[in-house]
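J.: give me coordinates for this.
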Amino acid sequence: MKKVIVAGAGVAGLAASVRLAAAGYEIELFEKNSMPGGKMHRISKDGYEYDVGPTLVMMPDVYEDVFRCAGRDPKEYIPMRRLEPMYSVYFNRPDHTRYDVAGDLIKLTEMLESRSPQTAHGFMRYLADIYARYQVAVDHFITRPFRSWKDIYTPSMLRNALKLKTFDSAEHMMAHYIKDKDVQQMLSFQTLYIGVSPQNGPSLYNIIPMIELLYGVWYIDGGMHTMAKSMASLIEELGGKIHYNLPVDEIVIENGRAVGVKAGGEIYKSDAVISNVDFPYTMKNLIKDTPAKGKYTDSKIDKMDYSCSCLIFYWGMSKRYDDLETHTFIIAENLDLNLKSIFDGNYIEDASIYLSIPSRGDDSLAPEGRDGFYVLMPVSELSTAKYQFDDQTINKYRKQAIAKVSRLPGCENIEQEIVSESIMTPNDFAEKFSAYNGATFGLQPTLRQSNHWRPQAKSKDCEGLYFAGSSVHPGAGVPIVLQSGKIAAEELRRDNPEDSFT
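T.: Now for the predicted structure:
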């Protein structure tokens, strides 16, 4: 039986491990934290439970497929329910306009028609266009690796690449179809889910709101960390071993081949290694063998473009807020300036806010009669920010967050109702999760850092070495990162066709 070591029990590492363990491989994972999930972590404080990073489920079939591939019933591991409405959107201006975005197409059409028939028509045209591109992306790009230029520079692939129309920005593409500024912004804003601005992110990433609208937004019982715990449990059921509180210090390479890892001063041998530690961090810190780095030298890593980061406040509240949905977005009055500041590194004077109330989805996540608030603000990553995320900066942003959330229904006295607080900063993402530059979503998915230009699952410069995670093809976002884990497992098996255990 072949042995595979996985560095990092993040979402992609767990997904790859499940697939390989189900195929008969001996799996051993090393995780620096005390629990599985990477940024799909959990904070427990004063009776309140919070997901640290991702909070909403899109494309539930992708989640469930991890369990099906091992012959398990997903409902026994990650029971889900669909949210309706999917979320509410407020614009931070004097009229504080509210929109409830429904997953039901009839209700959604009614909302769009209330803006104007032209808005509804433009939306339908956008949906048809982006759905066609999405099918091309799924069939030819998102679900496949690119080992060499021969995998992309073929007549067929080039024709399909042109169908993606990636040279347009997400913002410009949305504006082409939808003239209503509010609807335009509440849709294009969502490219921040994967850490890129709609102002310069390829228009293909407008598939994100399309996926929500066509496949719904879902909630896993117990929150997103249930997914991480369930994958870890399944790995152990399949005979795998997970070491917690034991970070990998080095990927051991001998004669151009990965032969194991060094962790806690010991060498652990294996036939192959998958690194689910953030790709830039892996290259700079875990791979000491210069030839194995290939083109990803320290200088190259520093020059690459990184996603935005996040500043997150986790507030335990003294009451319930029955007028709020599970997910709420508060969009800055001047969204263009907000986005520009995030990616230019200037202090954000008018921030956008995402509020998740996990206890709306599962009341066991807060003390009886109370809610927990997850308040996220997209901010600059550490190498871009022109200021420090010190106590002064955090307090200024906290005041902004309180001012904006206090305008929501029933939240007028929110500052006095906070009884417990935890905070996650870009520095914390860097320290706790090895996110390079504190970039929460890894490498930015710009045109030159997507598809075959993005780091791939199989190392081109070291045999037996594979990568998975948000900085690796196909990119960020939980469903896509799960796909990254699948590709890594498939690439490893492709290189070892003699391994037929099942």
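J.: CA atoms for contacts and neighbours, from now on please.
T.: Fine.
J.: so what's the residue lying farthest from the centre of the chain scoring on pLDDT?
T.: For the chain, the residue at maximal distance from the C-alpha centroid (CA atoms, centre = their mean) is residue 255, at 35.1 Å. Note for residue 255: predicted pLDDT of 96.
J.: over to residue 259. Which of the three states is it?
T.: For residue 259, the reduced secondary structure class is strand; criterion used: DSSP: H, G, I helix; E, B strand; the rest coil.
J.: gap between it and residue 340?
T.: As defined by CA to CA, to the nearest Å, residue 259 lies at a distance of 45 Å from residue 340.
J.: run through the residues that contact residue 350.
T.: 332-334, 338, 400 (CA atoms under 8 Å, 6 or more residues apart in numbering).
J.: wait, is residue 193 part of a helix?
T.: Yes: according to three-state DSSP, the state of residue 193 is that of a helix.
J.: strands of the stretch 201-350 of the chain, start to end?
T.: According to DSSP state E, counting those that start in this stretch, the stretch 201-350 of the chain carries its strands in the segments 218-220, 241-243, 248-254, 257-263, 266-269, 272-275, 309-317, 327-331.
J.: wait, which of the ones you listed is closest to residue 476?
T.: strand 309-317 (12.7 Å; CA to CA).
J.: list the buried ones in that closest one?
T.: Buried residues in strand 309-317, counting neighbours by 16 or more other CA atoms under 10 Å, are found at 309-317.
J.: burial of residue 254, as a residue count?
T.: As a burial measure, residue 254 scores 13 neighbours (other CA atoms under 10 Å).
J.: that one bridge partners, please.
T.: Beta bridges link residue 254 to residue 257, judged by DSSP bridges.
J.: cool, residue 467 as well?
T.: As for beta bridges, residue 467 partners with residue 275 under DSSP bridges.
J.: returning to what we had before: could you redo the strands of the stretch 201-350 of the chain as TSV and give each row distance to residue 391?
T.: Below are those laid out as TSV (distance: least, CA to CA, whole Å):
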stretch	distance to residue 391
strand 218-220	34
strand 241-243	34
strand 248-254	31
strand 257-263	34
strand 266-269	38
strand 272-275	34
strand 309-317	12
strand 327-331	24
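J.: just the ones you listed: most buried one?
T.: Between the strands of the stretch 201-350 of the chain, strand 272-275 has the highest mean count of neighbours, a mean of 26, where neighbours are mean count of other CA atoms under 10 Å.
J.: pLDDT weak spots in this protein?
T.: Counting by pLDDT under 70, the chain shows low-confidence ranges at 1, 160, 163, 167, 500-502.
J.: pop the domain breakdown of it in here.
T.: In terms of domains, the chain is parsed into 3-40+59-79+222-304+446-495, 105-217 (source: automatic domain parsing).
J.: residue contacts, the spatially most central residue of the chain?
T.: Central residue check for the chain by CA atoms, centre = their mean: the C-alpha nearest the mean position is that of residue 477, 3.0 Å away. Residue 477 makes contact with 193-194, 441, 470, according to CA under 8 Å, 6+ apart.
J.: most neighbours among these, which one is it?
T.: Of the contacts of residue 477, residue 470 is surrounded by the most neighbours, 30 neighbours in total, counting by other CA under 10 Å.
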